[in-house]
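Student: Below: sequence and its predicted model.
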Amino acid sequence: MSFFAAALVGAAFAPSASAVPAKFWGVVPQSLPTAEQFARIKRGGVDSIRIPISWGTVQPKPVAGASLEWSGVDRAVRGAAQVGLDVLPFIYGAPTWAVPAAPVPGSHGKTLAPRNLPVAGGAGAAWSAFLQLVVARYGPNGAFWSENPGLTPRPIRTWQVWNEENFKYFVVRPNPGEYGKLVKLSNTAIKGVDPGAKILLGGMFSRPKEAEFKVKPPQAFFASDFLAKMYKRTPGIKSKFDGIALHPYTSDFRILTPDIEEARAVLKANGDAGKGLWITEMGWSSETPNTADSFAKGVRGQVKQLRGAFSLLSRNQAKWRLRGVYWFSLEDGPPTACNFCGGAGLFGPGFVAKPSWGAFAKFAGGQPG
């Protein structure tokens, strides 16, 4: 990559906790942390955790008055609040009673996802109603906080709409215009309950290889292309969201620069240069390097990538208007969850810290022990 100055590589490993805004460093757990684990990551400098809120899991039936399954989200929000961590939720998915499921292309029928986004007719109305319920539970003066009087309230004020909406694994038929409609619906629903809430776009996978396939309908879009098309196809979208998010998974931290700058160029071209950018997933695996997985770097290589990425992002925080960075993931997860999930964690089996956790804590200004 000749467009990267060699001098930057040599300077890429100087951590600075003071160079970024407060509440900047986050992690994405693959499973619910224990109370002790929550306390440990708080000591280590983690400011926020990113969690999923699956519509289909919370509301599996459309029956009016049916009880909603909040228990999983409650446990995550409670654990974070007990140690003073913020929560960034991404709300995604659709129950099959609202949107039909379809096989993800290339999965041989083994993986299903919503065929399309819930924007039309009854599906759109049901999505909006669900968002209002979520905000009424976890937002300011939410029912969750009144049900847990022993907690110091930490109401959620920032909501992420969907996840990797430009990629086939989260909606079988990604569609920038359809996603723009979802954002507009979501803005109306969420701010109808909490007018001061912030709306973030879902984390867009920067460069899915499927975006290069010559198939119709498309299976994926590059993030910058998806964002540009969303603006073009959705009149009035500028006022309906407060920031964008990327998942810039790359083989090397130095490739982050073009991924981020391409997205920022789209914002500028649409008169939105002042909006912030969140990186809501980013990471590399400590698994043994192999030719089939460019994210597998080994234990030392994972540390090198984290230090290089965090230094690059810290140096360019103001220029890129970065508002938060979330490492994927907190702990190693099931190898079947994704091609590098089994080694993506800052902690390994038994929640044993890897060297990457020490590097994370140093950047975040915390104590790794």
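Tutor: Yep, it's here.
Student: In the protein, which residue is most central in space?
Tutor: Nearest to the centroid of the C-alpha atoms of the chain, with distances taken as C-alpha atoms, centre = their mean, sits residue 280, at 3.6 Å.
Student: Now do the same contact list for that one.
Tutor: Taking C-beta atoms under 8 Å, 6 or more residues apart in numbering as the contact definition, residue 280 lies against 26, 28, 50, 88, 90, 160, 200, 203, 245-247, 324, 326. All C-beta spots, glycine's among them, are computed from the backbone N, C-alpha and C.
Student: And for residue 142?
Tutor: Contacts for residue 142 (C-beta under 8 Å, 6+ apart) come out as 135, 136, 155.
Student: now these: which count as buried?
Tutor: For these, a neighbour count by 16 or more other C-beta atoms under 10 Å gives the buried set as 135, 155.
Student: Strands along the stretch 251-369 of the chain, start to end?
Tutor: Per DSSP state E, counting those that start in this stretch, the stretch 251-369 of the chain has strands spanning 276-279, 322-328, 347-348, 352-353. These are given in chain order.
Student: Kindly report the same for the stretch 51-200 of the chain.
Tutor: Secondary structure of the stretch 51-200 of the chain by DSSP E, counting those that start in this stretch: the strands cover 86-92, 101-103, 112-114, 158-161, 198-205.
Student: Could you identify which of the ones you listed is most buried?
Tutor: Greatest average neighbour count among those goes to strand 198-205 (a mean of 25), per mean count of other C-beta atoms under 10 Å.
Student: average pLDDT for that one?
Tutor: For strand 198-205, the mean per-residue pLDDT is 98.
Student: next one: that strand to chain centre, how far?
Tutor: In terms of C-alpha atoms, centre = their mean, to the nearest Å, the centre of strand 198-205 is found 7 Å from the chain centre.
Student: could you give the angle of the helix or strand sitting right after that strand along the chain to strand 198-205?
Tutor: The first helix or strand that comes after strand 198-205 along the chain, using DSSP states H and E, is helix 223-233. Relative orientation of helix 223-233 versus strand 198-205 (axes from the mean of the first three to the mean of the last three C-alpha atoms, to 10 degrees): 130 degrees.
Student: buried ones in helix 223-233?
Tutor: Burial within helix 223-233, assessed by neighbour count using 16+ other C-beta under 10 Å, is assigned to 223, 224, 225, 226, 227, 228, 229, 230, 231.
Student: repeat for stretch 297-315
Tutor: By neighbour count on 16+ other C-beta under 10 Å, the buried set for stretch 297-315 is 297-298, 301-315.
Student: what's the answer for stretch 41-49, then?
Tutor: Of the residues in stretch 41-49, those buried under the neighbour-count criterion (16+ other C-beta under 10 Å) are 41, 42, 44, 45, 46, 47, 48, 49.
Student: Residue 343: neighbouring residues, count only.
Tutor: Residue 343 is flanked by 24 other residues according to other C-beta atoms under 10 Å.
Student: distance of it from residue 51?
Tutor: Distance check for residue 343 against residue 51: by C-beta to C-beta, to the nearest Å, it reads 21 Å.
Student: doesn't residue 277 make contact with residue 323?
Tutor: Yes: taking contact to mean C-beta atoms under 8 Å, the distance of 6.7 Å between residue 323 and residue 277 places them in contact.
Student: related to what we said a few turns ago, turn the strands of the stretch 251-369 of the chain into JSON lines, columns for mean neighbour count.
Tutor: Compiled in JSON lines, the strands of the stretch 251-369 of the chain are given as follows (neighbours: other C-beta atoms under 10 Å):
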{"stretch": "strand 276-279", "mean neighbour count": "22"}
{"stretch": "strand 322-328", "mean neighbour count": "24"}
{"stretch": "strand 347-348", "mean neighbour count": "19"}
{"stretch": "strand 352-353", "mean neighbour count": "14"}
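Student: can I get those strands in CSV with mean pLDDT?
Tutor: Listed next are these as CSV, based on pLDDT from 0 to 100:
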stretch, mean pLDDT
strand 276-279, 98
strand 322-328, 98
strand 347-348, 98
strand 352-353, 98
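Student: Go through those and name the closest to residue 169.
Tutor: Distances from residue 169 to each of the strands of the stretch 251-369 of the chain were compared using C-beta to C-beta; the shortest belongs to strand 322-328, at 14.5 Å.
Student: Return the list of strands paired to the closest one, each annotated with direction.
Tutor: Each strand paired with strand 322-328, and its direction, by DSSP bridges: strand 25-28 (parallel), strand 276-279 (parallel).
Student: Centre of the chain to it, how far?
Tutor: Between the mean C-alpha point of strand 322-328 and the mean C-alpha point of its chain there is a distance of 8 Å (C-alpha atoms, centre = their mean).
Student: Could you find the closest non-adjacent residue to residue 126?
Tutor: What sits nearest to residue 126 in space, not counting adjacent residues and going by C-beta to C-beta, 6 or more residues apart in numbering, is residue 98, at 5.1 Å.
Student: mind giving me a markdown table with the contacts of residue 142 and columns for distance to residue 149 and pLDDT?
Tutor: Formatted as a markdown table, the entries for those read as follows, by distance: C-beta to C-beta, whole Å; pLDDT from 0 to 100:
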| residue | distance to residue 149 | pLDDT |
| --- | --- | --- |
| 135 | 20 | 98 |
| 136 | 18 | 98 |
| 155 | 14 | 98 |
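Student: Tell me the one among the contacts of residue 142 nearest to residue 209.
Tutor: Among those, residue 135 lies closest to residue 209 (C-beta to C-beta), at 35.9 Å.
Student: any weak-confidence spans in the chain?
Tutor: 1-18 (pLDDT under 70).
Student: buried stuff in stretch 110-122?
Tutor: 113, 114, 116, 117, 118, 119.
Student: any idea how far the nearest residue to residue 29 once chain neighbours are set aside lies from residue 299?
Tutor: Nearest residue to residue 29 in three dimensions, chain neighbours excluded: residue 330, at 4.3 Å (C-beta to C-beta, 6+ apart). Relative to residue 299, residue 330 is positioned 17 Å away (criterion: C-beta to C-beta).
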